[in-house]
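Asker: got a structure for you, letters missing:
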């Protein structure tokens, strides 16, 4: 065990969160897979019959990275926000803060569990999509890297939302009214190159465009923006979340109310 790091505390939080996911397996895993499959059937069937290819890639295959990213973002935020909100809701946050567990260990435990669940879900959706359309991953290591980086980043974001939220309705506010619309408008089901100006330029202000484009590049070796720019935007958001989490624990903002 590394000096100053209580791996037992991290492992305890991680196991508890993973056990909670297993107790709600239908909500945590089955429902997102079914929902994504329905998206795939509807968009792939209805639009795919009229739009055979996008950038030389069959439309059914083209939307797979976007569908995975849609589930990845929403589930990462949901898993992490609910995980840290429950101690506040039940009043056990005081016990958690007084336990011999540092803020870093707490974050690693909760965010690690949320990211693990999201990564597993993403891989299951990928396997499910492979049953419908032929898939070829041009850069498998890059694909896994984007999968892990995005899951960790948005799990951190969800952790922040869970601390900020004062009620269950606020937990669903950001995913439902911000993340999901941005994902739909971020090129999940189309290439932003298909948009006329000025809408293509406007789309570049949507951060999800860079996530979807980078992930799609890992599959098809092509994206709407440079893969380095996609990676940079994701890393920048990760750093911003880390800084904000550090500030929250330093000031105690909303940790006890």
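Answerer: That came in fine, so what should we check first? What you are looking at is a predicted structure, and each value in this text was computed from that prediction instead of being measured. Numbering: from 1, shown residues only.
Asker: and the most centrally placed residue in the chain, what pLDDT?
Answerer: The geometric centre of the chain, computed from its C-alpha atoms, lies nearest to residue 73 (Cα atoms, centre = their mean), at 2.7 Å. Looking at residue 73, its pLDDT reads 92.
Asker: just the element for it, please.
Answerer: Per DSSP states H and E: residue 73 is located in helix 64-90.
Asker: how far does the next helix or strand after that helix sit from the chain's center?
Answerer: Using DSSP H and E, the next helix or strand after helix 64-90 towards the C-terminus is helix 93-98. Average the C-alpha atoms of helix 93-98, do the same for its chain, and the two points are 27 Å apart (Cα atoms, centre = their mean, to the nearest Å).
Asker: after helix 93-98, which helix or strand is next?
Answerer: Note on helix 93-98: by DSSP H and E, the next helix or strand toward the C-terminus is helix 103-129.
Asker: now do the helix or strand just after that next one: distance to the chain's middle.
Answerer: Under the assignment DSSP H and E, the closest C-terminal helix or strand after helix 103-129 is helix 140-164. Averaging C-alpha positions (Cα atoms, centre = their mean) puts helix 140-164 5 Å from its chain's average.
Asker: next, the angle from helix 140-164 to helix 103-129.
Answerer: Angular relation of helix 140-164 and helix 103-129 on a 0 to 180 degree scale: 130 degrees, by axes from the mean of the first three to the mean of the last three Cα atoms, to 10 degrees.
Asker: what's whatever helix or strand comes next after helix 140-164 packed up against?
Answerer: Scanning the chain past helix 140-164 towards its C-terminal end, the next helix or strand to appear is helix 168-174 (assignment: DSSP H and E). Applying 3 or more Cβ pairs under 8 Å, 6 or more residues apart in numbering; DSSP states H and E, we find helix 168-174 packed against helix 64-90, helix 140-164. Quick note: C-beta positions are derived from backbone N, CA and C, even for glycine.
Asker: turn those helices into a markdown table, including distance to residue 123.
Answerer: Putting those into a markdown table (distance: least, Cβ to Cβ, whole Å) gives the following:
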| stretch | distance to residue 123 |
| --- | --- |
| helix 64-90 | 9 |
| helix 140-164 | 8 |
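Asker: out of these, which comes closest to residue 116?
Answerer: Each of these has some distance to residue 116 by Cβ to Cβ; the shortest is helix 140-164, at 8.0 Å.
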